[in-house]
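S.K.: Here is my input, please return the structure:
(one chain, ligands or ions: 1)
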Amino acid sequence: MIGEKVKELLGEVPESVTIVAAIKTRTVDEVNECIEAGINNVGENYMQEAVLKNLAIGNKVKWHLIGPLQTHKAKAAAKIFDMIETIDCFHTAEVLNKHCRNIGKVMPVLLEINSAREEQKSGYMPEILPDELEKLAGLENIRVQGLMTMGPQTEDGEVLRPYFRNTKKLFDEIKKASISGIEMKYLSMGMTASYHEAIEEGANIVRIGSLIFGPRNYR
Ligand SMILES: *Cc1c(COP(=O)(O)O)cnc(C)c1O
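M.R.: As a prediction, the model looks like this:
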């Protein structure tokens with residue numbers, strides 16, 4: 001089941017787009033099954049889960065943090081992840097930078113954009129981000145490589161399209177500004193219900209859970 005879904009997805013999504021399997025709540029066996037079918041990148045939301053699954057699965061795949069990074073867990077995050085997709089303020093970036101420096105690592109990160117400008121959501125407000133970039137570029141052990149966004153909660157990909165489009169616009173503007181130390185290489189947008197629209201709007205990373213693994217049972 002999982003293997004078939006992965007193969008369908010790999011056949012359908014353009015090669016230039018990286019599929020990150022969103023593995024929150026999934027077992028090690030389920031994750032291994034999707035890896036055997038050809039997934040090279042996995043995304044976890046929760047640190048505790050990530051630590052356990054990383055121990056069991058190892059580094060045959062790249063590990064993305066796709067949930068919020070709490071500063072008191074930044075040390076563990078520095079160790080196990082290959083990319084942090086959810087940098088949403090300078091303080092968190094600074095703490096992560098310090099832990100990466102301590103272990104001699106340069107961590108690729110994406111900046112999370114609060115594209116729907118929702119008060120309760122994490123992420124940089126799109127209009128304040130440009131002013132933050134110079135500061136972020138000064139952190140030598142993290143490397144900004146792009147943007148990530150979720151958009152408002154909905155099952156309707158068309159509703160998300162304008163948020164994806166605006167985030168791509170911001171991505172292009174930052175790229176054009178060519179700020180030393182800031183790369184705009186990856187744009188992570190789109191999940192099970194919205195990855196078609198996201199790819200059409202310029203995403204080159206999609207984060208997909210339920211389509212691969214079936215509906216989630218939160219325990
Ligand atoms: C859970 C999750 C996904 C995947 O969601 P699905 O709808 O199951 O594909 C993608 N991105 C983030 C940040 C998530 O938390």
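
S.K.: Arg161: which element?
M.R.: Using DSSP states H and E, Arg161 sits within helix 157-176.

S.K.: Could you check how far the worst-scoring helix or strand of the chain on mean pLDDT is from the centre of its chain?
M.R.: Least confident helix or strand of the chain, by mean pLDDT, DSSP states H and E, is helix 129-137 with a mean of 93. Averaging C-alpha positions (Cα atoms, centre = their mean, to the nearest Å) puts helix 129-137 19 Å from its chain's average.

S.K.: Likewise for stretch 133-150?
M.R.: Here the centre of stretch 133-150 is set off from its chain's centre by 13 Å, with Cα atoms, centre = their mean.

S.K.: Tell me the buried residues in it?
M.R.: Using 16 or more other Cβ atoms under 10 Å as the test for burial, stretch 133-150 gives 133, 136-137, 139, 141-150. For every residue, glycine as well, the C-beta is placed using N, CA and C.

S.K.: residue contacts, Ile142?
M.R.: Ile142 is in contact with 84, 87, 93, 96-97, 100, 106-109, 136, counting by Cβ atoms under 8 Å, 6 or more residues apart in numbering.

S.K.: so it bridges to which residues?
M.R.: Met107 (DSSP bridges).

S.K.: The ligand versus that one, what's the distance?
M.R.: Going from Ile142 to the ligand by Cβ to the nearest ligand atom, to the nearest Å gives 19 Å.

S.K.: One more: Ser16?
M.R.: In this view, Ser16 and the ligand are 19 Å apart by Cβ to the nearest ligand atom.

S.K.: What score does that residue have for pLDDT?
M.R.: At Ser16, the model reports a pLDDT of 98.

S.K.: Which residue is the nearest non-sequential neighbour of it?
M.R.: Distance criterion Cβ to Cβ, 6 or more residues apart in numbering; nearest residue to Ser16, sequence neighbours excluded, is Asn204 at 6.0 Å.

S.K.: and stretch 142-150, C-alpha only, in CSV?
M.R.: What follows is stretch 142-150, C-alpha atoms only, in CSV (Å, rounded to 0.1, in the frame of the first residue of the first chain):
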residue,chain,number,x,y,z
ILE,A,142,23.1,28.1,9.5
ARG,A,143,22.6,28.7,5.8
VAL,A,144,19.3,30.1,4.6
GLN,A,145,18.4,28.2,1.4
GLY,A,146,14.8,29.2,0.8
LEU,A,147,11.3,29.6,2.1
MET,A,148,8.5,27.3,3.5
THR,A,149,4.8,28.1,4.0
MET,A,150,1.7,26.3,5.1
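
S.K.: quick one: Thr149 and Arg117 touch, right?
M.R.: No. The criterion here is Cβ atoms under 8 Å, and Thr149 misses it with Arg117 at 11.3 Å.
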